[in-house]
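*Asks:* sequence first, then the predicted structure, then my questions.
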Amino acid sequence: MSARFLCFALVSIAILIGSCSGSGVLSQEGASGTFQKKIAPFPVYDSMEIAMEHPFLGGFNAPRPQFVDINGDGDPDLFIQENSDELMFFENEDSDLNWQTDKYYDLDIGEWYRFADLDQDGDMDLLAEQPYSYIRYYRNDGSPEQPDFTLVTDTLKDTNGEPIFSDRQNIPNVTDIDCDGKLDLFIGRLDGTIMRYESVGRDDRDVPQFELVSRKFEGIEIVKQIGTMHGANTLTFVDIDDDGDQDLFWGDFFEPSLLLIENRGSCSNPGLQGEPQPFPSSNPVESSGYNAPTFADWGQDGKQDLLIGVLGGAYNASRTLAENLYFYKQNANGRFSQQTEQFLHSIDIGNESIPATGDIDGDGDIDLLLANKIDPGGRKSSIVYKFENRGTKENPSLYQSGKLDLSNAYHYAPALGDLNGDDLDDLLLGTWKGRIAYYRNTGSGFEKVDESFVELERGSNSTPALADIDNDGDLDLFVGESGGKIHFYRNEGTAENPDFVLEKDSFTDVKVGHRSAPTLYDIDGDADLDLFIGSKTEGLLFYRNTGAGNNAAFEKEPLPTSITTPRLAAPQFVDFDADGAADIISGGRGGGLIYYQWTGQ
């Protein structure tokens with residue numbers, strides 16, 4: 001069955017989300033089936049033993065959220081953009097957000113998006129970036145309950161026929177600022193000013209036409225914090241004080257807070273000349289800057305609540321790599337109180353996550369280690385987090401249970417395997433400098449054996465993987481690195497005392513463009529190990545083992561499944577539920593994990 005046919009078969013889902021994400025047909029250990037993306041395949045708990053609702057979202061570094069009632073059921077759904085041209089959709093079902101897709105309707109949105117009823121027919125249309133820095137227009141030809149998007153133009157133009165330009169770092173907005181029934185388009189500029197366009201109808205292709213009204217709307221010029229610097233920005237309009245007119249919220253690269261410019265005029269005669277004020281007034285937002293706000297009556301109590309995506313600005317952006325979806329609830333007295341900095345509760349340890357799986361504690365089930373590039377809080381080292389499996393062999397439950405005590409280094413890359421024959425998985429740990437340390441599993445923790453057990457002759461970002469490639473009963477070593485090569489070290493020692501020897505002439509044709517992360521698994525059931533490599537920008541690459549007997553040989557082939565992996569993919573095959581078929585997990589740039597579950601046919 002092809003991925004295209006699978007999408008057709010799942011027509012009810014396809015109608016809802018507009019695309020079929022993360023499935024493909026292949027053979028695994030002789031059985032046909034598919035990999036399907038799962039957000040919560042089994043329970044995962046944080047360090048406070050609180051269950052994560054969305055553990056395997058993949059993590060966020062710069063989330064751009066918008067609340068939209070996209071299906072006309074009266075409650076706000078949630079869209080989030082983390083990556084270029086990808087729009088995640090979460091449907092609101094009784095105040096529970098359920099992930100539906102990472103690429104809503106396969107819409108190409110560039111670096112930003114904005115839903116608005118551009119043609120004022122009662123359903124939500126879409127504006128998005130046309131690279132580079134122009135504006136696409138998708139018209140919703142469906143209904144409020146069942147959207148259907150058509151790309152009408154890739155470049156909005158003004159009444160003079162000139163393309164409307166919006167720097168791709170800025171997220172514009174649409175509202176009827178003066179209540180005359182004509183929508184206004186607002187574009188923040190890098191100099192801290194705002195351009196206002198007003199709708200003058202639609203052309204013969206039904207494309208909205210806008211006339212430039214002001215190059216410096218209301219004389220606004222955002223100048224804050226660092227001298228007189230301006231920067232990338234977001235802007236949102238909402239009647240936050242319930243006085244019948246639209247107030248303006250501004251997030252700026254050089255502003256750690258969210259700025260409110262109150263509309264002190266009226267609906268028909270707006271006035272926004274006041275001094276920008278940090279918001280909320282009683283407890284202003286204080287982030288790394290470049291805050292993207294969206295409002296919705298999340299509690300269904302008639303009051304607008306606030307969600308902020310922290311994109312990371314001028315104030316140590318690394319500190320908000322993990323916690324960057326701030327949610328504020330509006331209370332009965334009109335004040336806002338922060339509820340969480342991680343509105344979507346998921347595995348997220350910062351950025352550039354790399355997993356390793358194995359039985360760390362000798363209890364017969366699979367545990368998880370997850371490393372990041374750098375600690376968002378301390379910035380002095382990477383961290384390897386431990387997720388202990390407290391479930392059973394068939395029914396896993398992962399609990400975040402502390403960090404490994406390791407020497408300070410950046411870009412940790414862990415690999416697990418029994419290197420001394422005691423039935424406990426030991427740890428090899430790659431680092432940015434190209435060294436691989438060896439830590440022995442003592443049963444109660446990991447004890448350093450050798451800081452430089454293996455060291456690359458050239459290259460950095462060593463990323464190890466252990467596998468018995470020659471079927472001699474001991475583990476051999478594959479190492480990815482920054483340049484994209486795979487270095488092979490054959491174990492010339494024993495299963496109890498490894499001696500990894502570099503074979504410079506082995507697998508020289510195996511390479512990706514940049515940042516290789518290898519893993520090995522017999523995907524075709526022919527009793528030899530095939531090679532999968534995560535990469536910086538090429539996704540997951542596949543090399544089939546076409547060798548004979550104990551002599552491996554790898555040939556590049558198309559990936560035998562249509563799964564999508566993130567940038568800086570770091571894949572692992574793992575059978576968490578002991579059903580005899582491995583699933584796929586992958587770390588990536590976002591600092592979390594994605595999970596593809598094998599579904600046999």
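*Replies:* Great, that's in hand.
*Asks:* give me the helices and strands touching the helix or strand in which Arg440 is found, please.
*Replies:* If you go by DSSP states H and E, Arg440 is part of strand 435-441. In terms of contacts (3 or more C-beta pairs under 8 Å, 6 or more residues apart in numbering; DSSP states H and E), strand 435-441 is packed against strand 426-430, strand 446-455. Where you see a C-beta, it was placed from the backbone N, CA and C, and this is true even at glycine.
*Asks:* quick one: low-confidence parts of the protein?
*Replies:* 1-32, 224-229, 601 (pLDDT under 70).
*Asks:* Gly309 reaches Ala292, doesn't it?
*Replies:* Yes - between Gly309 and Ala292 there is a contact under C-beta atoms under 8 Å: 4.3 Å.
*Asks:* common neighbours of the two, please.
*Replies:* 63-65 (C-beta atoms under 8 Å, 6 or more residues apart in numbering).
*Asks:* before we move on, back to that, the more surrounded of Gly309 and Ala292?
*Replies:* Counting neighbours by other C-beta atoms under 10 Å for Gly309 and for Ala292 shows that Gly309 has the greater number, 28 against 25.
*Asks:* so the more buried one belongs to a helix, correct?
*Replies:* No - going by DSSP: H, G, I helix; E, B strand; the rest coil, the assignment for Gly309 is strand, not a helix.
*Asks:* and it, bridged to which residues?
*Replies:* Listed by DSSP bridges, the beta-bridge partners for Gly309 are Ala292, Leu325.
*Asks:* contacting residues around it?
*Replies:* Gly309 touches 60, 62-65, 80, 291-292, 294, 324-325, counting by C-beta under 8 Å, 6+ apart.
*Asks:* if I look at it, how far off is Gly251?
*Replies:* Using C-beta to C-beta, to the nearest Å, Gly309 is found at 9 Å from Gly251.
*Asks:* for the protein, what spans make up the helices?
*Replies:* Secondary structure of the chain by DSSP state H: the helices cover 3-9, 11-17.
*Asks:* residues near the nearest residue to Ile50 once chain neighbours are set aside, how many?
*Replies:* In space, Ile50 comes closest to His345 once its chain neighbours are excluded; the distance is 7.4 Å by C-beta to C-beta, 6 or more residues apart in numbering. Residues near His345, counting by other C-beta under 10 Å, number 17.
*Asks:* can you check Phe576 too?
*Replies:* Neighbours of Phe576 (other C-beta under 10 Å): 24.
*Asks:* pretty sure it contacts Asp583?
*Replies:* Yes - shown here, Phe576 and Asp583 form a contact pair, counting by C-beta under 8 Å, at 6.5 Å.
*Asks:* overlap in contacts, the two.
*Replies:* When contacts are counted by C-beta under 8 Å, 6+ apart, Phe576 and Asp583 are jointly contacted by Pro41.
*Asks:* rewinding a little: distance check, the residue nearest to Ile50 against Val384.
*Replies:* 21 Å.
*Asks:* then Leu416?
*Replies:* 11 Å.
*Asks:* now render the shared contacts of Gly309 and Ala292 as a markdown table, adding distance to Glu49.
*Replies:* Shown next, in a markdown table, are those (distance: C-beta to C-beta, whole Å):
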| residue | distance to Glu49 |
| --- | --- |
| Pro63 | 25 |
| Arg64 | 31 |
| Pro65 | 27 |
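*Asks:* got a markdown table for the residues you listed, with distance to Lys448 and neighbour count too?
*Replies:* Listed next are the shared contacts of Gly309 and Ala292 as a markdown table, based on distance: C-beta to C-beta, whole Å; neighbours: other C-beta atoms under 10 Å:
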| residue | distance to Lys448 | neighbour count |
| --- | --- | --- |
| Pro63 | 37 | 21 |
| Arg64 | 42 | 21 |
| Pro65 | 43 | 24 |
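*Asks:* state the distance from Lys380 to Tyr410.
*Replies:* 9 Å.
*Asks:* show me which of the two is the more surrounded one.
*Replies:* Set Lys380 next to Tyr410 and count neighbours by other C-beta under 10 Å: Tyr410 wins out with 18 against 10.
*Asks:* now the more buried one. Nearest residue, chain neighbours left out?
*Replies:* Among residues not flanking Tyr410 along the chain, Trp432 sits closest, at 4.3 Å (C-beta to C-beta, 6+ apart).
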